[in-house]
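In: Below are the sequence and a predicted model; questions follow.
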Amino acid sequence: MSGQSDELTGPDLEAGIDASSLAPGQLMAGHAFGEPVLLVHAQVNWFAVGAKCTHYSAPLDQGLLVGETLRCPWHHACFELHNGAASHAPALNDLPSYDVVVENNRVRVLRKRDHGQLRKRSLTTRGSRLPDRVIYEPNPVNGPESVVIIGAGAAGNACAEMLRREAYRGPITMIDPDPDAPYDRPNLSKDFLAGNAPEEWLPLHPHDFYEAQHIEILSGVAVDKVDTKARTIQLSDGSSRRYGCLLIATGATPVRLSIQGAERILYMRTLRDCRTIIERAKPGQKAVVVGASFIGLEVAASLTTRGLRVDVVAPEALPLERVLGKELGTLIKKVHEDKGVTFHLGHSVSAIHEKSVELDDFSRIDADIVIAGIGVRPNVKVGEDAGLTIDHGIAVSEFLETSVKGIFAAGDVARYPDAYSEQRIRIEHWVVAERQGQVVARNMLGHRDRFDDIPFFWSAHYDAVQIGYTGHVERWDSTVVDGSVEKLDCAVSYLVGGKRLAMATINRDRQNLETELELARALLLQPPPPVSVEAQEA
């Protein structure tokens, strides 16, 4: 998933550099032992770690240094410099770490650290590296007797991994009806559907990773019932599991159209969905995408890249205007039109025929394949049947705990109190889901960590437009544009009462990352709100 060259650049850090050439707070990309290495001068300390983000191989020398933590410029993953640990998603794999020496005003990278060294150098539990192999405890000394995670998507997988980073050694079970989970869902509608990424890139980890971590995955199995008093779950295969702590990370399901010929419509949510679209999408065919959502437009871009002729039907006047505003909505529309996409805006689909789509004005569009992307609904049934509080999702506290003690919810299904906007919101972003899963893991082990991360997501449209969106605002008073929208180089701030609550950038990764940090620092100045959902014993 990397468009970056593997060619080694910059100085030879084995030979070293003059210490005065890198001021405190600066980063330098170089190489050592045949590998790309990033040298960091953080105040009085020197660090050396891998130079490429372990998520999508972004160049970390373009990232942001915050204390002794490094933030990736593309998708805002965080790494601890003292040991290379991936502390905040979306990166799940740690960076390689190296010993550095300063002698006679010269800084050199001495050696790559082995795993034994790194274990000794883990100064705190938070920010620990993932162990190579877990010493499993069927009856754990610390933490709950077992952890069951319903859903092996972003939140579920991140929770399981963070439990191991936090030294939990007890039983962990992930359950998901999707036989392919866990995998990189954001890539489905982007590079994978476009034909630019092979399927072997999609799994978040190989199977032997979960074996080494003693994380049990029950694939193709659904949860029928949660008994909160007995602390057990009943599975669709007739078996049951007991839990000490439970995470509900059941995600969401695409909204489906109920119209004539609806059985012909394909949807984009799972790897199986994506495989079906790829199997049916042939170059030269006509495809109709229903819905100008991010998913709908990414599908349109990917199918266009595959050589299909694409029409997009949507009720709004501009694509993505409700989320990004008029300026960027106009830009996105033009970018797609320049690639040959035809928009039918202000319209809805009334029927699907064998080789065409009928619109609400009785006109027809030729269609060999029809894909809908008109939103999703959270999968709350398991939580609702268990008696949890439901509020347009599963209601959780700042600690992501539900109304029943020991049961947490995260990801698309969780409606949580957003510390920054002071509203209860439900966010359907991959990075938010992963970071919520990580917070849940720590809170299962007795921490009281509030989830107060600034929401972030990204969207890619061809090679021309990389959108980064930081913050969250559903309605705004005004926007401020910095740069040139027409030149695909801009940042748009969304203001409420004169205060910036969110920013969308086009091809300005560093500015988006800096804005996330500004919003997070502003949040630190606010007093913590009271706990909004008090968990009770079942």
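Out: Happy to help now that I have it. Quantities reported herein were computed from a predicted structural model and do not represent experimental measurements. Numbering: from 1, shown residues only.

In: Could you list the low-pLDDT ranges of the protein?
Out: Across the chain, the ranges flagged by pLDDT under 70 are 1-6, 115-126, 524-532.

In: Any buried residues in stretch 477-489, and which?
Out: 479, 483, 485 (16 or more other C-beta atoms under 10 Å). All C-beta atoms are positioned from the backbone trio N, CA, C, and that covers glycine.

In: Of the residues you listed, which is the nearest to residue 459?
Out: residue 485 (15.8 Å; C-beta to C-beta).

In: contacting residues around the closest one?
Out: Counting by C-beta atoms under 8 Å, 6 or more residues apart in numbering, residue 485 makes contact with 327-328, 330-331, 492, 506.

In: Would you mind pulling the contact partners of the helix or strand where residue 331 lies?
Out: Assigned by DSSP states H and E, residue 331 falls within helix 321-338. The contact list for helix 321-338, computed with C-beta under 8 Å, 6+ apart, reads 294, 297, 300-301, 304, 312, 316, 318-320, 343, 461-462, 464-465, 467, 469, 476, 479, 481, 485-486, 488, 490, 492, 494, 504, 506.

In: mind listing which of those are in strands?
Out: 312, 343, 461, 465, 467, 469, 479, 481, 490, 492, 494, 504, 506 (DSSP state E).

In: ok, the fifth one touching residue 459?
Out: Yes - here residue 467 reaches residue 459: they are 4.4 Å apart, a contact under C-beta atoms under 8 Å.

In: What segments of this structure are helices?
Out: 115-121, 154-165, 193-194, 207-212, 271-280, 294-305, 321-338, 381-385, 430-444, 509-524 (DSSP state H).

In: Looking at the ones you listed, which is nearest to residue 24?
Out: helix 509-524 (17.9 Å).

In: Give the buried residues for that closest one.
Out: In helix 509-524, counting by 16+ other C-beta under 10 Å, buried: 509, 511-516, 519.

In: Save these as JSON lines, and put in distance to residue 53 too.
Out: Compiled in JSON lines, the buried residues of helix 509-524 are given as follows (distance: C-beta to C-beta, whole Å):
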{"residue": "509", "distance to residue 53": "11"}
{"residue": "511", "distance to residue 53": "18"}
{"residue": "512", "distance to residue 53": "15"}
{"residue": "513", "distance to residue 53": "12"}
{"residue": "514", "distance to residue 53": "17"}
{"residue": "515", "distance to residue 53": "19"}
{"residue": "516", "distance to residue 53": "15"}
{"residue": "519", "distance to residue 53": "21"}
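
In: Closest one to residue 233 out of these, please.
Out: For the buried residues of helix 509-524, the residue nearest residue 233 by C-beta to C-beta is residue 516; the value is 36.5 Å.

In: Hmm, residue 456 and that closest one touching each other?
Out: Yes - applying C-beta under 8 Å as the test, residue 516 and residue 456 come out as touching, 6.2 Å apart.

In: Pull up the overlap in contacts between the two.
Out: With C-beta under 8 Å, 6+ apart, residue 516 and residue 456 have common neighbours 76, 470.

In: Do a quick rundown of the strands in the stretch 151-300 of the chain.
Out: 172-176, 215-219, 223-227, 232-235, 240-242, 245-248, 252-254, 265-267, 286-290 (DSSP state E, counting those that start in this stretch).

In: Would you reformat those strands as TSV and include mean neighbour count?
Out: Below are the strands of the stretch 151-300 of the chain laid out as TSV (neighbours: other C-beta atoms under 10 Å):
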stretch	mean neighbour count
strand 172-176	23
strand 215-219	19
strand 223-227	18
strand 232-235	17
strand 240-242	15
strand 245-248	28
strand 252-254	17
strand 265-267	19
strand 286-290	24
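
In: Distance to residue 380 for these - can I get that in TSV?
Out: Output for the strands of the stretch 151-300 of the chain, formatted as TSV (distance: least, C-beta to C-beta, whole Å):
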stretch	distance to residue 380
strand 172-176	16
strand 215-219	21
strand 223-227	12
strand 232-235	16
strand 240-242	20
strand 245-248	9
strand 252-254	9
strand 265-267	19
strand 286-290	25
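
In: Leaving aside the residues adjacent along the chain, what's closest to residue 163?
Out: residue 441 (4.6 Å; C-beta to C-beta, 6 or more residues apart in numbering).

In: gap between the residue of the chain positioned farthest from its centre and residue 40?
Out: The outermost residue of the chain, judged against the average C-alpha position, is residue 104 (44.4 Å), by C-alpha atoms, centre = their mean. Taking C-beta to C-beta, to the nearest Å as the measure, residue 104 falls 20 Å from residue 40.

In: Residue 154 contacts residue 437, doesn't it?
Out: Yes - using C-beta under 8 Å, residue 154 makes contact with residue 437 at a distance of 6.8 Å.

In: list residues touching both of those two?
Out: Common neighbours of residue 154 and residue 437 (C-beta under 8 Å, 6+ apart) are 89, 249, 411.

In: Report the contact partners of the last one.
Out: I take that to be residue 411. Contacts of residue 411 by C-beta under 8 Å, 6+ apart are 151, 153-156, 249-251, 432-433, 436-437.

In: from these, which two are the most distant?
Out: 250 and 432 (15.5 Å).

In: hmm, back to that, any chance of the contacts of residue 411 in JSON lines, with neighbour count and distance to residue 63 too?
Out: Output for the contacts of residue 411, formatted as JSON lines (neighbours: other C-beta atoms under 10 Å; distance: C-beta to C-beta, whole Å):
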{"residue": "151", "neighbour count": "31", "distance to residue 63": "30"}
{"residue": "153", "neighbour count": "28", "distance to residue 63": "26"}
{"residue": "154", "neighbour count": "30", "distance to residue 63": "22"}
{"residue": "155", "neighbour count": "34", "distance to residue 63": "25"}
{"residue": "156", "neighbour count": "29", "distance to residue 63": "27"}
{"residue": "249", "neighbour count": "30", "distance to residue 63": "28"}
{"residue": "250", "neighbour count": "29", "distance to residue 63": "33"}
{"residue": "251", "neighbour count": "26", "distance to residue 63": "29"}
{"residue": "432", "neighbour count": "27", "distance to residue 63": "20"}
{"residue": "433", "neighbour count": "29", "distance to residue 63": "22"}
{"residue": "436", "neighbour count": "30", "distance to residue 63": "23"}
{"residue": "437", "neighbour count": "29", "distance to residue 63": "23"}
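
In: ok, so of those residues, who is nearest residue 448?
Out: residue 436 (15.2 Å).
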